[in-house]
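Novice: sharing a sequence plus its predicted fold:
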Amino acid sequence: MVPVLALDTQPRPPEDLNVFIKMDIEGSECGALEGGWSFMNSSRIVGVLMEWKFVRRDRTCCSTLKRLHTLLYERHKLLPYAWKRGILAQNPLRQPQQMCRPRGSKVWADDLLWKVTS
């Protein structure tokens with residue numbers, strides 16, 4: 001088990017600073033996200049890169065993932081793209097319900113890059 005620091009416990013960046021979040025915490029991403037809604041709402045997030053292979057199989061994380069999808073899209077205009085071996089998918093993944101599939105699928109890669117929609 002990897003220790004998790006909630007984002008809300010971290011110092012707030014200045015309002016004019018762009019924030020890029022990278023998470024690779026071996027399946028503990030939901031714990032970090034659950035403690036980060038205030039941080040993510042009050043920061044100017046321009047991107048998120050997160051490991052996905054463990055999280056996408058965790059059914060207990062489903063509501064957190066749907067909430068993340070909503071927050072990143074509605075507040076920051078970010079959509080997730082499959083990121084595999086340094087290659088970014090051409091089209092964003094728009095169905096948050098697919099996030100909760102217990103088995104891996106061809107739709108969701110091992111990593112996701114949330115970036116500004118075009």
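Specialist: Now that the structure is in, tell me what you want to look at.
Novice: in terms of helices and strands, where is the nearest residue to Trp52 once chain neighbours are set aside?
Specialist: Leaving aside its chain neighbours, Trp52 sits nearest to Leu112 (4.9 Å; criterion: C-beta to C-beta, 6 or more residues apart in numbering). All C-beta atoms are positioned from the backbone trio N, CA, C, and that covers glycine. Secondary structure from DSSP states H and E places Leu112 in strand 111-116.
Novice: tell me what the helix or strand harbouring Tyr73 is packed against?
Specialist: Here Tyr73, judged by DSSP H and E, is contained in helix 62-74. If you count contacts as 3 or more C-beta pairs under 8 Å, 6 or more residues apart in numbering; DSSP states H and E, helix 62-74 packs onto helix 29-34, helix 37-42, strand 78-84.
Novice: which one of these lies nearest to Val116?
Specialist: Among the helices and strands packed on helix 62-74, strand 78-84 comes nearest to Val116, with 6.1 Å by C-beta to C-beta.
Novice: can you list the strands that that closest one pairs with?
Specialist: Its sheet considered, strand 78-84 pairs with strand 87-88 (antiparallel), strand 111-116 (antiparallel) by DSSP bridges.
Novice: average pLDDT for the shortest one?
Specialist: In this case it means strand 87-88. Over the span of strand 87-88, the pLDDT mean works out to 65.
Novice: how about the last one?
Specialist: Computed over strand 111-116, the mean pLDDT rounds to 83.
Novice: show residues contacting that strand.
Specialist: 46-53, 72, 76-84, 88, 93 (C-beta atoms under 8 Å, 6 or more residues apart in numbering).
Novice: among those residues, the buried ones, what's the PyMOL command?
Specialist: To isolate the buried ones among the contacts of strand 111-116 in PyMOL, judged by 16 or more other C-beta atoms under 10 Å, type:
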select buried, resi 46+47+48+49+50+51+52+72+76+78+79+80+81+82+83+93
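Novice: helix or strand for Ile45, which one?
Specialist: strand 44-51.
Novice: just the CA coordinates of that strand, formatted as CSV?
Specialist: The C-alpha coordinates for strand 44-51 follow below in CSV (Å, rounded to 0.1, in the frame of the first residue of the first chain):
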residue,chain,number,x,y,z
ARG,A,44,-6.6,26.4,-12.5
ILE,A,45,-6.0,22.9,-13.7
VAL,A,46,-4.7,22.6,-17.3
GLY,A,47,-4.1,18.9,-17.3
VAL,A,48,-4.1,15.6,-15.4
LEU,A,49,-2.1,12.5,-16.2
MET,A,50,-3.1,9.5,-14.1
GLU,A,51,-2.4,5.9,-14.0
